[in-house]
Structure formats: C-alpha cells, structure tokens
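*Asks:* Need a 3D model of the sequence below.
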Amino acid sequence: MIIQWLSDFCFLAACIGCLYLATAAAMVLRFRGHRPSTNGQPLPVTILKPLHGEGPRLFRCLASFCSQRYPAPVQIVFGVEEAADAAIPLVKQLQAAFPESKIELRIDPRAHGGNRKISNLANMAALADHDIVILADSDIEVDPDYLARIVGELQQPGIGAVTCLYHGMSGTRTWARLAALAANAQFLPSVIVGVACRLAQPCFGATIALRRDMLARIGGFEQFADSLADDYSIGEAVRAMGAEVAISAVSVGHLCKDQTARQLCSHELRWGRTIRSIDPVGYFSSIITHPFPLALLAALLGAGGGAVALAALAVICRVTLLKCVERRFRLERQPYWLVYQVTSQGILVRRTAV
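*Replies:* Residues are numbered from 1 along each chain as shown. Sure thing, here's the model as predicted:
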C-alpha cells in the first residue's frame, strides 16, 4: 500500500511538474521586466566590483563594464582584500587597455563582519564619486547598452533599486556547462514564474543599482556585513523604505566556473541552502519542478508505461522551456544532451541540502 501511494504521488507530482514547465515556457516568452524611462537621463555612475582571485574569462567579464555605450561619466572601482590577490594584474591590464576610463583599485583588508564580499564593498564605497552606485559580481558579463538601460530604469517613479536576472555562461568544461544549463533551465524560469505569480521579490548580486541616499537610508553596506544572502537582504531593506526593487528587462551573463564535480556540488548546495533559509516553503515545494526523475521513480514503483511516457513528456517540456529561454534572452543553443543530468541533479541537491 505504501509503495502504491508513493507511486501515485510521484506520478501526480510529475504531471503537475509538466504543467509547470509548460506554464513557465509561456511566462518566459511574455516576460518584459521594467523598461527604461523615456525621460531618463545618462547620469554619472560608480560601479563597484569586488574581486577575489583570478578565473577563466574574468578579464572579458570585467572588460564588458569598461566598453559601455554611455555618454555620462563612469567610475569603476575594483576592490580586493590582499595586495597579493591574483585579480590585481587583471585590473592593471584593464587600466592599460582602457586608458580613457576611470578605473580605480582599492586594497583594504578590513572586515566589517562575516560576509567578506560586503566588507570589500564597504571598503570600496569610500572611493565612490557619483550619486548612482551599481554593485555587480565579478563573474558578470554585460552588453554595451547595460548602463543606459539600468540607469533609465532606476529613474522611474517609485523605484528604489534595480536588479537583473542572469543567465548561465560556460566554457567547454562539462561541469561548468552543467552549471550554466541548470541556471537557464531551472533558476531563470523559476524566478520569472515566481515574479509573475507575485510569489517572489528577488534581488540579485548580479546587479543592484541604487542611489547613495538610498544606500545611506538602509544603513550602508555595513548593515549587511553578517548576512548570508546579502543581495536579498539589501532588496528587503529597500522595500522596507517604501520603494520598489525593479527587475530589469536586461539579463546579464553569469560565468559558471566549476571545473570539477565537487566544485559544482559545493556551489549548488550553497545556493540551495541559501534559498532554503530565505523561502523554506518554496524551496521544498520546488520538487515538482523536476518531473523527469519523479516520473522515473513512479515507473520504478510500478506505475507502468504511463509513467515512462510521462518521463518522455517531461524531457520534451524541459527542452521546450529551454528553447523559450534561448529565444527570449537571445542565448546560444543549449547543450540539450545534459538535460537528463540537470533534471536529476535538482532532486539530488535539494535532498542533500536538507
């Protein structure tokens, strides 16, 4: 009886999961986000980029912020904790490659709490010259119109901060490709569905743009120095001030750098635990977003050929969703042969993170 109940539960959950994937595909195509204000002006901007170590394609990611089509002054401040940090030579290369850009480096080991990234940002903030401050993680790559769009969106009435969705990018390494595919097949659609259904109010470290007076009102970076999910906490603090955190129509690229299975699992587990701490109900209910392994489990428990057909349908739905993500965000063709691993990986990570 227990086996039959489990089989029925997995079969039903897989059916709901397929419906979810089809709904997510439609919502991805309809996603518009906030658009730049027609009255927006190109205002001076300071970009804060915390760095730690060197990674593949990091120079390309950093250079994308130096290659903006933006007519107003742009200051880029990079920050590291140690004078021996491997990222420092990259900053010097950027200064040589873009001599017309105002690129500065802050080396400061002071810690303001347990979150080293926030401590780095707090130290860098002292060099900020302009009223509009944009925080962006080091492994983010943007297009040349990124600043114009973000600053335009920030100038809309009632907007206290602007954040961005992000899609996964990778090189040729299988583990990095798997991480990027997980971001595009699972993370990105789930955020869009959550926002569309008013179940999520995200704020991502890929981009957080806000004015200096808003940063001061929420307590500065030091206020979040012990926060695990610092980006989420910043968004919540902005909303507590009565302002909206706008989700940009722009999606930026997140460089996935996992070189081994251990690195991938560690990264995914850390992300899973962070989500669980923020939204435990949504975290545990997200199991239905993985209908493929649920359908296979139902088949193993005796659901028969119907469950096998459902598993095939789940893969079709996932591939269709990926096609919609590709079209909406103009991504390169995804490695569809890894879809099986991604859908199974989601269940494994959630089980381990518990």
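
*Asks:* low pLDDT regions in the stretch 51-200 of the chain?
*Replies:* Within the stretch 51-200 of the chain, the stretches with pLDDT under 70 are 172.

*Asks:* contacting residues around the helix or strand where Met214 lies?
*Replies:* Assigned by DSSP states H and E, Met214 belongs to helix 212-217. Residues outside helix 212-217 that contact it (Cβ atoms under 8 Å, 6 or more residues apart in numbering): Ala125, Ala128, His130, Asp131, Ile132, Val133, Gly160, Ala161, Phe221, Val238, Met241, Ala243. In short, each C-beta sits where N, CA and C put it, glycine included.

*Asks:* Which residues does whatever helix or strand comes next after that helix contact?
*Replies:* The element immediately downstream of helix 212-217 (helix or strand, assigned by DSSP H and E) is helix 230-240. Contact partners of helix 230-240, identified using Cβ under 8 Å, 6+ apart, comprise 115, 117-118, 160-161, 163, 201-205, 208, 210, 214, 218-219, 223-224, 227, 245, 278.

*Asks:* quick one: the following helix or strand past helix 230-240 to helix 230-240, angle?
*Replies:* Counting by DSSP H and E, the next helix or strand C-terminal to helix 230-240 is strand 244-255. For strand 244-255 against helix 230-240, the angle by axes from the mean of the first three to the mean of the last three Cα atoms, to 10 degrees is 160 degrees.

*Asks:* elements contacting strand 244-255?
*Replies:* Secondary-structure packing of strand 244-255 (3 or more Cβ pairs under 8 Å, 6 or more residues apart in numbering; DSSP states H and E): helix 58-66, strand 140-141, helix 146-154, strand 159-169, helix 230-240.

*Asks:* Adding mean neighbour count as columns, could you present these in TSV?
*Replies:* Formatted as TSV, these follow (neighbours: other Cβ atoms under 10 Å):
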stretch	mean neighbour count
helix 58-66	19
strand 140-141	22
helix 146-154	23
strand 159-169	24
helix 230-240	20
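
*Asks:* Out of these, the one nearest Glu332 is which?
*Replies:* Of all these, strand 159-169 sits nearest to Glu332, with 8.8 Å by Cβ to Cβ.

*Asks:* contacts for stretch 143-158?
*Replies:* 34-37, 39-43, 45, 64-65, 67-70, 72, 74, 132, 134, 159, 161-162, 164, 207, 209-211, 243-244, 246, 248-250, 252.

*Asks:* Put the buried members of those residues into a ChimeraX selection.
*Replies:* In ChimeraX syntax, the buried subset of the contacts of stretch 143-158 is picked out as below (16 or more other Cβ atoms under 10 Å):
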select :34,36,40,43,45,64,65,68,70,74,132,134,159,161,162,164,207,209,210,211,243,244,246,248,250,252
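
*Asks:* what about the host helix or strand of Leu296, average pLDDT?
*Replies:* For Leu296, the host element (DSSP H and E) is helix 291-298. Taken as a whole, helix 291-298 carries a mean pLDDT of 92.

*Asks:* when you give positions from now on, start the count at 3
*Replies:* Understood, numbering begins at 3; the last thing we discussed is helix 293-300.

*Asks:* tally of neighbours for the residue nearest to Glu84 when sequence neighbours are not counted?
*Replies:* Excluding its sequence neighbours, the residue lying closest to Glu84 (Cβ to Cβ, 6 or more residues apart in numbering) is Pro111, at 6.4 Å. Pro111 sits with 11 neighbouring residues when counted by other Cβ atoms under 10 Å.
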